[in-house]
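Chemist: Starting from these lines, generate the structure:
(one chain, ligands or ions: 1)
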Amino acid sequence: MDQIIVTGNGPLSGQIPIAGAKNACLTLMPATLLSEEPLTLTNAPRLSDISTMSDLLQSLGAEVAALQDGQVLAMSSHTISNHNAHYDIVRKMRASILVLGPMLARDGYAEVSLPGGCAIGARPVDLHLRAFEAMGADLDLRDGYVHAKAPGGLKGAVVDFPFVSVGATENTLMAATLAKGTTEIRNAAREPEIVDLAECLRKMGAQIEGEGTGTITVQGVDRLGGATHPVVTDRIELGTYMLAPAICGGEVELLGGRKALVGAFCDKLDEAGIDVIETTAGLRVRRRADHVSAVDVTTEPFPGFPTDLQAQMMALLCTADGVSVLEEKIFENRFMHAPELIRMGARIDVQGGTATVTGVPKLRGAPVMATDLRASVSLILAGLAAEGDTVVSRVYHLDRGYERVVAKLRGVGAKIERVKDQ
Ligand code: UD1
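Modeler: Predicted coordinates for the structure are as follows:
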């Protein structure tokens, strides 16, 4: 297993290109199962999670070709030859559950193993299942699998989620495109990835209104066609690299970034003393003074502060002036990076879903362990400004969601390398 070694190295300067969104691509790819005609995605990120989704789709009978060095995914699902999403693939990635809605909607049956993914809480899929039941599916949970049937096809329904779920909204939205009649998704997630999915489905012929708001209305159609669609910019990769100059000083431009993708995050950066300027190419970030100020952060569904930037924000606040309180409202058990940051000299007290961070003047490099995708990159960010070397192990977590992280950070002057585990 590889390790990443980061050495604190002062201010950064230059540009970092931001890739297409992992989380958008992972819901756009299963949309190929809705149509006999080809679906081509451009601006795809090159990540192990995308390879896992390719493997899963191929196991179901889809053709998936990664072209132009993986940035174009040409997919085609003329027929679905296997309706069983096997545990061996699904356990690697929770987003695998997103093949359930499309298969059920197109062919009236599907079997999907219950998913695994990042160890950040229980993360059930009950909301997905309740939505399909509301649309007339019979579900049976046996041997770790969901066995779903809707022999006469899914029917449009009112699906009223008790709380916001990104994945359940995506799965229901895809399924509703081929259901008979109208589906109204209430308390829908409003994330940019949902809007991107709706735009792609509409290109395929779906009738959808209201994406980006709390109510999405879908008028089912008999069949969907093919489309070519660019994956929206990754707002989490964007926010992560925006924190690099915030932590180290200097000035970095994030190519392809837009404030609309990270509004609540920009507000918190402003409060902490960091300027974010919109340019023609993206966003330029620099801090106003040598030190940043403590800020309180509560994670919320979009347009609130994203849970997927909480760990990285904590890395910034470890050396802020004053005391910051971070409240994690989306996932329980999402402070696994805190003990690792403490190993680097941070002062963090975690009580349930609340972390209190008391700023220290400087972190010190240490051997640390990545525990999940976003936690792993928070340790790299912390290492960029720490004294000495930070050695991050278990970096396979990072490969799931950040492409070419070493090259991108080196490109702005960071001292970082990837080595084979000794
Ligand atoms: C997606 C993102 C993930 C992000 C999360 C929240 C992808 C591939 N992943 O995950 O990076 O952190 O949104 O922004 O897009 N829940 C249930 N029952 C369900 C579904 C969810 O209880 O059926 C709970 C979850 O445990 C969690 C909360 O709802 O506490 C929100 O989860 P959800 O929005 O569904 O996250 P994901 O779609 O899994």
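Chemist: Mind checking the pLDDT average for stretch 18-33?
Modeler: Stretch 18-33 comes out with an average pLDDT of 98.
Chemist: what's the spacing between that stretch and its chain's center?
Modeler: With C-alpha atoms, centre = their mean, to the nearest Å as the basis, stretch 18-33 stands 10 Å off its chain's centre.
Chemist: And that stretch, end to end?
Modeler: 28 Å (C-alpha to C-alpha, to the nearest Å).
Chemist: ok, now stretch 4-20?
Modeler: Its first and final residues considered, stretch 4-20 spans 23 Å by C-alpha to C-alpha.
Chemist: And the ligand, is that stretch touching that?
Modeler: No: for stretch 4-20 and the ligand, the contact criterion (C-beta under 6 Å from any ligand atom) is not met; the two come no nearer than 13.2 Å. Just so you know, the C-beta spots here come from the backbone N, C-alpha and C atoms, and that holds for glycine as well.
Chemist: Just the pLDDT at residue 116, thanks.
Modeler: At residue 116, pLDDT is 56.
Chemist: Point out the residues in the stretch 251-400 of the chain that sit beside the ligand.
Modeler: 307-308, 330-331.
Chemist: contacting residues around whichever residue of the stretch 151-300 of the chain sits closest to the ligand?
Modeler: Here the residue of the stretch 151-300 of the chain nearest the ligand is residue 167; by C-beta to the nearest ligand atom that distance is 2.8 Å. Listed by C-beta atoms under 8 Å, 6 or more residues apart in numbering, the contact partners of residue 167 are 27, 94-95, 97-98, 125, 128.
Chemist: Dump the helix or strand hosting it to PDB, keeping only the CA atoms.
Modeler: According to DSSP states H and E, residue 167 maps onto helix 166-176. Extracted C-alpha coordinates of helix 166-176, given in PDB (Å, rounded to 0.1, in the frame of the first residue of the first chain):
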ATOM      1  CA  VAL A 166     -29.000  12.800  -2.100                       C
ATOM      2  CA  GLY A 167     -28.800   9.100  -3.100                       C
ATOM      3  CA  ALA A 168     -32.500   8.400  -2.500                       C
ATOM      4  CA  THR A 169     -33.500  11.500  -4.500                       C
ATOM      5  CA  GLU A 170     -31.200  10.400  -7.400                       C
ATOM      6  CA  ASN A 171     -32.500   6.800  -7.400                       C
ATOM      7  CA  THR A 172     -36.100   7.900  -7.300                       C
ATOM      8  CA  LEU A 173     -35.600  10.500 -10.000                       C
ATOM      9  CA  MET A 174     -34.100   7.900 -12.400                       C
ATOM     10  CA  ALA A 175     -36.800   5.400 -11.700                       C
ATOM     11  CA  ALA A 176     -39.600   7.900 -12.100                       C
END
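Chemist: Need the outlier residue of this protein, farthest from its centre.
Modeler: No residue in the chain sits farther from the centre than residue 152, which is 34.2 Å out by C-alpha atoms, centre = their mean.
Chemist: does that residue really touch residue 108, like I thought?
Modeler: Yes: Residue 152 lies in contact with residue 108 (C-beta atoms under 8 Å); the separation is 7.3 Å.
Chemist: Could you work out the most separated pair of the contacts of residue 167?
Modeler: Spanning the widest gap among these are 27 and 125, at 14.3 Å by C-beta to C-beta.
Chemist: Pick out whichever of these two has more residues nearby.
Modeler: A direct count of neighbours by other C-beta atoms under 10 Å for residue 27 and residue 125 places residue 27 higher, at 26 against 18.
Chemist: care to break this structure down by domain?
Modeler: Domains of the chain are assigned by automatic domain parsing as 2-16+234-420, 24-230.
Chemist: Tell me which residues of stretch 287-302 come out buried.
Modeler: 287, 292-295, 297-299, 301-302 (16 or more other C-beta atoms under 10 Å).
Chemist: Going by distance to residue 134, which of these wins?
Modeler: Nearest to residue 134 among these, counting by C-beta to C-beta, is residue 301 at 20.8 Å.
Chemist: Return the residues in contact with that closest one.
Modeler: 164, 166, 189-191, 330.
Chemist: Just among the residues you listed, which is most surrounded?
Modeler: residue 191 (26 neighbours).
Chemist: ok, now which ones touch that one?
Modeler: 23, 166, 301-302.
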